[in-house]
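Student: Provided below for reference: sequence and predicted model.
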Amino acid sequence: MKRLNDEVTVSPQMPLDAVSEIADAGFKTIVCNRPDNEDPGQPSFAEVEAKAKSLGLSAVFMPVASGNVSDDDADTFAKILNDAAKPVFAYCRTGTRCTILWSLANAGKLPVEDIVNMAAKAGYDMAPLAPRIAARS
């Protein structure tokens, strides 16, 4: 788990039994940014959603193909974050897609330097994305 800020934590793919740990850690919403069947053996979103709901968590499926995050995706992610019960736990294959979505979703809300620094503290290099973040501001 890599905390971007008080409201959003990102993570690589987790096993299905980790949903209980996510609930125990106080998260209220899980967002999956990974398409089903991206890799063999990953839990399906339906499995994650069923486990999350059984533990009182909301679950949102917003799959984005790796390396293909659009501005529309960022707008959708921003709306999900705005509407979601916090804190939010978002995951994909490595956490990078989630961090890109979060970075672009925060364009115009936070200074570009702060977005890049917050992502870096979580272990994600968003410096190459800075011009795109700035363009969305």
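Tutor: That came through fine.
Student: max-length helix in this protein?
Tutor: helix 71-83 (DSSP state H).
Student: any idea how far Ser103 lies from Lys28?
Tutor: 22 Å (CB to CB, to the nearest Å). Every C-beta, even on glycine, is put in place using the N, C-alpha and C of the backbone.
Student: So the two - more neighbours on which side?
Tutor: Higher neighbour count among Ser103 and Lys28: Ser103, with 26 against 16, using other CB atoms under 10 Å.
Student: Give me the distance between the helix or strand just after the longest helix of the chain and the centre of its chain.
Tutor: Moving toward the C-terminus from helix 71-83, the next helix or strand (DSSP states H and E) is strand 88-91. Here strand 88-91 is found 5 Å from its chain centre; the criterion is CA atoms, centre = their mean, to the nearest Å.
Student: cool, and stretch 93-107?
Tutor: 6 Å.
Student: and what of stretch 24-36?
Tutor: Distance, centroid of stretch 24-36 to centroid of chain: 8 Å (CA atoms, centre = their mean).
Student: just stretch 15-32 next, same as before
Tutor: 13 Å.
Student: re earlier: in PDB, list the C-alpha atoms belonging to the longest helix of the chain.
Tutor: Only the C-alpha atoms of helix 71-83 are listed here, as PDB (Å, rounded to 0.1, in the frame of the first residue of the first chain):
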ATOM      1  CA  ASP A  71      -8.100  12.600 -20.100                       C
ATOM      2  CA  ASP A  72     -11.600  11.200 -20.000                       C
ATOM      3  CA  ASP A  73     -10.300   8.400 -17.700                       C
ATOM      4  CA  ALA A  74      -8.800  11.100 -15.400                       C
ATOM      5  CA  ASP A  75     -12.200  13.000 -15.400                       C
ATOM      6  CA  THR A  76     -14.000   9.700 -14.500                       C
ATOM      7  CA  PHE A  77     -11.600   8.900 -11.800                       C
ATOM      8  CA  ALA A  78     -11.900  12.500 -10.400                       C
ATOM      9  CA  LYS A  79     -15.700  12.000 -10.200                       C
ATOM     10  CA  ILE A  80     -15.300   8.600  -8.500                       C
ATOM     11  CA  LEU A  81     -13.000  10.100  -5.900                       C
ATOM     12  CA  ASN A  82     -15.300  13.000  -5.400                       C
ATOM     13  CA  ASP A  83     -18.300  10.800  -4.800                       C
END
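Student: I'm done for today, thanks for sticking with me.
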